[in-house]
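S.K.: Mind looking at a prediction? Sequence and model below.
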Number of protein chains: 2
Amino acid sequence: MVQTAPKTQFAEARTPSIEPLRQLVADDMAAVNREILARMASEVSLIPELASHLIAAGGKRIRPLLTLGAARLCGYRGDKHVLLAACVEFIHTATLLHDDVVDESERRRGNSTANVLWGNQPSVLVGDFLFSRAFQLMVETGSLEVLRILANASAVIAEGEVLQLMTANDMDSTEADYLRVIEAKTAALFAAATRVGAVIAGRPEPEVQAMDDYGRFLGIAFQLVDDALDYSSDGATLGKNTGDDFREGKVTLPVALAFDRGTEAERGFWRRVIERPEEQNDDDWSQALRYLERHGTIAETLERARLYGHKAHEALAVFPAVPAREALAEAVDFAIGRAL
Amino acid sequence: MVQTAPKTQFAEARTPSIEPLRQLVADDMAAVNREILARMASEVSLIPELASHLIAAGGKRIRPLLTLGAARLCGYRGDKHVLLAACVEFIHTATLLHDDVVDESERRRGNSTANVLWGNQPSVLVGDFLFSRAFQLMVETGSLEVLRILANASAVIAEGEVLQLMTANDMDSTEADYLRVIEAKTAALFAAATRVGAVIAGRPEPEVQAMDDYGRFLGIAFQLVDDALDYSSDGATLGKNTGDDFREGKVTLPVALAFDRGTEAERGFWRRVIERPEEQNDDDWSQALRYLERHGTIAETLERARLYGHKAHEALAVFPAVPAREALAEAVDFAIGRAL
């Protein structure tokens, strides 16, 4: 591991963007999109109907992009990366469907959620279907190592989601709990998405580990930024409702830090609004924003995101400075730059 | 394929039982139970808590028994069948957790369901965890063929569950729809459970297919009996609420047949109680039982179960008449005999 960040980190003067990565793997991504559409198919018409509502709505498809980018950087020359990228997106989509049921969410990517449009029942079952499809895709790659990585990641994601549920509405949950949750529910899939790119390319262990580190640190940074943005005043940025975490009483880092540093009165406020969110009143949201501002916890959350972004950059240093490395490096700055 | 049923079919004078199979693989089953307990473990305490509620409550563990019995009949001499039997039970448990959320069930195996005790949210997520664990167990067997079989079965199960949802509360759904549903939601896992026993034993294709057929036909018979028993007067038989299917407006075979054969008035009755079950009144249940009795559709459903049981027996004919074959044959009669 290098001691200093590679020079990629501040090389870009323009606003960091995901576009260089997207352009680099544009042909592969077109193949992934075809694969996704083909694999959503089922004689049971509600399945493609519901799945395409979420998948067609877009989203940035950042996870499959990362798999394709990792495979490219690792010099992979086959077609299994396309299957794996589709597989990673299916796992992600399945977790979104189940998350929205669990969180009783109403908006996602600017649209009504599937659970609102079709009810919880098909959302649960179509999630199960997509998850099974993901494993069918993995089997087609013929790599047990790939199956091992993604089965492990799936179990860790589910554990993270359950832990998130257990720590929600509990102001005694800790910053450490929060980190465990985001490492499990978000970073594990990012890490698996990039690791499998190195694995199918047959790269040696240090590079496989570097790709895993890159994905994991990027995932943590990504979620930290998401959780900071949830307390921004402009919901349009994320295409979802700002304030969701607050209304659901999730103890994300901005809140955990504000609680730690708050006066007795502030701590009482956080206990009330987080532990009994159903009693929140119209003034609580702006009061919460004032407390977060007073203790600078949004800024600190973003600073943590930058630290993890730095680690993601460092992980790339074992690879040569080819366009794929530059594009993956810029993806980190893009993930963090969403908050600016 | 033989033209006549093997002599095993009516060889037993005493009441058919699952006990011979259970005793035959008792040591293996003890290992499976240890594996299940070990693999439910998680640092996230709610996971083993909720999973053990359902798994410890017992149930007959018929699916893992079938995997062990199939492996025994196929002469398997390793330890992967234990992992696979645990895996099959995990897949089944995951589907039960999700089913109970989808059906809003309140009772299962004589206990309150997990969704009633802990809420829908952890039931969905712990189901996802167990499903992921199942795939981790499969990876440990090192067999891509096993992974292919069980990933396919999982996708088919989810499709069957969605189809069941689409055909519920719809008296225009057909007997063919019903058969598709039970083949997918129940028989596919039975078939996979027995097929993998032959696959890990390295048996030739005709025997693999015979084990698949045996499991599939047994699964169909099993579900037909379940659906008949749901209209029996004694709920204790199944350890679940009699009348669940009726209250949920599922179009199972007894109802589909009674609708086909009913007078205009009867068909009006079925439309009302099945398509708008929330409007059912106290007399509707006994009225439904009278109509089913009038057209003999419970008896006919059980007769269909016996026909599929016969096919399951036939499938066993390619194997020698060893104790494992006798035990698997008796399991068929046991599944059907539950209704007597």
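M.R.: Looks like it came in fine.
S.K.: Skip ahead from the worst-scoring helix or strand of chain A on mean pLDDT and say which helix or strand is next.
M.R.: The helix or strand of chain A with the lowest confidence, counting by mean pLDDT, DSSP states H and E, is strand A:107-108 at a mean of 72. Tracing the chain past strand A:107-108, the next element assigned as helix or strand by DSSP states H and E is strand A:111-112.
S.K.: Could I get the average pLDDT for that following strand?
M.R.: Strand A:111-112 shows a mean pLDDT of 80.
S.K.: How about the helix or strand following that strand, which residues are buried there?
M.R.: For strand A:111-112, the following helix or strand on the C-terminal side (DSSP H and E) is helix A:114-118. If you call a residue buried by 16 or more other Cβ atoms under 10 Å in any protein chain shown, then helix A:114-118 has these buried ones: A:A114, A:N115, A:V116, A:W118. Every C-beta, even on glycine, is put in place using the N, C-alpha and C of the backbone.
S.K.: Can I get helix A:114-118 as PDB, trimmed to CA atoms?
M.R.: In PDB, the C-alpha atoms belonging to helix A:114-118 read as follows (Å, rounded to 0.1, in the frame of the first residue of the first chain):
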ATOM      1  CA  ALA A 114     -43.400  -0.200  -6.200                       C
ATOM      2  CA  ASN A 115     -44.900  -0.900  -2.700                       C
ATOM      3  CA  VAL A 116     -47.200   2.100  -3.100                       C
ATOM      4  CA  LEU A 117     -48.200   1.200  -6.700                       C
ATOM      5  CA  TRP A 118     -48.600  -2.600  -6.300                       C
END
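S.K.: How about that helix and chain B, touching?
M.R.: No. Against chain B, helix A:114-118 shows no contacts by Cβ under 8 Å from any Cβ of the partner chain, the least distance being 9.5 Å.
S.K.: Tell me which helix or strand comes right after that helix.
M.R.: Assigned by DSSP H and E, the successor of helix A:114-118 is helix A:120-141.
S.K.: Please name every helix or strand in contact with that next one.
M.R.: Using 3 or more Cβ pairs under 8 Å, 6 or more residues apart in numbering or on different chains; DSSP states H and E, the elements in contact with helix A:120-141 are helix A:26-40, helix A:46-56, helix A:80-103, helix A:114-118, helix A:144-167, helix B:80-103, helix B:120-141, helix B:144-167.
S.K.: between the first one and helix A:46-56, how many degrees?
M.R.: For helix A:26-40 against helix A:46-56, the angle by axes from the mean of the first three to the mean of the last three Cα atoms, to 10 degrees is 160 degrees.
S.K.: what distance separates helix A:26-40 from the middle of the whole chain?
M.R.: Chain-centre distance of helix A:26-40: 20 Å, with Cα atoms, centre = their mean, to the nearest Å.
S.K.: Equivalent analysis for the second one, please.
M.R.: Chain-centre distance of helix A:46-56: 20 Å, with Cα atoms, centre = their mean.
S.K.: and the stretch 1-150 of chain A, which of its residues are near chain B?
M.R.: A:42-47, A:95, A:98, A:101-102, A:120-122, A:124-126, A:128-129, A:131-133, A:135-136, A:138-139, A:142, A:144, A:147-148.
S.K.: buried ones in whichever strand or helix holds A:D226?
M.R.: Using DSSP H and E, A:D226 falls within helix A:205-229. Going by neighbour count (16+ other Cβ under 10 Å), the buried part of helix A:205-229 is A:207-229.
S.K.: do stretch A:51-63 as well
M.R.: Judged by neighbour count (16+ other Cβ under 10 Å), stretch A:51-63 contains these buried residues: A:A51, A:H53, A:L54, A:I55, A:G59, A:R61, A:I62, A:R63.
S.K.: Distance to B:E303 added to these, as TSV?
M.R.: As requested, those are arranged in TSV below (distance: Cβ to Cβ, whole Å):
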residue	distance to B:E303
A:A51	39
A:H53	43
A:L54	44
A:I55	45
A:G59	52
A:R61	53
A:I62	56
A:R63	52
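S.K.: What are the phi and psi values at the closest residue to chain B within the stretch 201-340 of chain A?
M.R.: The minimum distance from the stretch 201-340 of chain A to chain B, using Cβ to the nearest Cβ, falls at A:E248 (10.8 Å). Main-chain torsions, A:E248, degrees, to the nearest 10: phi -90, psi -10.
S.K.: which residue packs closest to it, ignoring adjacent ones?
M.R.: A:D103 (5.8 Å; Cβ to Cβ, 6 or more residues apart in numbering or on different chains).
S.K.: That neighbour contacts A:D244, doesn't it?
M.R.: Yes. Applying Cβ atoms under 8 Å as the test, A:D103 and A:D244 come out as touching, 7.3 Å apart.
S.K.: the more surrounded of the two?
M.R.: In this view A:D103 and A:D244 are compared by other Cβ atoms under 10 Å in any protein chain shown, and A:D103 has more residues nearby, 20 against 17.
S.K.: can you give me how far stretch A:174-185 is from the chain middle?
M.R.: Its chain's average C-alpha position is 13 Å from that of stretch A:174-185, according to Cα atoms, centre = their mean.
S.K.: ok, now stretch A:296-313?
M.R.: Its chain's C-alpha centre and that of stretch A:296-313 lie 15 Å apart, by Cα atoms, centre = their mean.
S.K.: CA-only coordinates of it in CSV, if you can.
M.R.: Extracted in CSV, the C-alpha atoms of stretch A:296-313 (Å, rounded to 0.1, in the frame of the first residue of the first chain):
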residue,chain,number,x,y,z
GLY,A,296,-21.3,21.2,12.2
THR,A,297,-22.2,17.6,11.8
ILE,A,298,-23.2,17.6,8.2
ALA,A,299,-19.8,19.1,7.4
GLU,A,300,-18.1,16.5,9.5
THR,A,301,-20.0,13.7,7.9
LEU,A,302,-18.9,15.0,4.5
GLU,A,303,-15.3,15.3,5.8
ARG,A,304,-15.5,11.6,6.8
ALA,A,305,-16.7,10.8,3.3
ARG,A,306,-13.7,12.6,1.9
LEU,A,307,-11.4,10.6,4.1
TYR,A,308,-12.9,7.3,2.8
GLY,A,309,-12.7,8.7,-0.7
HIS,A,310,-9.0,9.3,-0.1
LYS,A,311,-8.6,5.6,0.9
ALA,A,312,-10.4,4.6,-2.2
HIS,A,313,-8.0,6.6,-4.3
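S.K.: can you list contacts of it?
M.R.: Residues outside stretch A:296-313 that contact it (Cβ atoms under 8 Å, 6 or more residues apart in numbering or on different chains) are A:5-6, A:8-9, A:213-214, A:217-218, A:220-222, A:224-225, A:227-228, A:231-232, A:252-255, A:257-258, A:261, A:292, A:329, A:332-333, A:335-336, A:339.
S.K.: and it, which residues are buried?
M.R.: Across stretch A:296-313, burial judged by 16+ other Cβ under 10 Å covers A:297-298, A:300-302, A:304-306, A:308-313.
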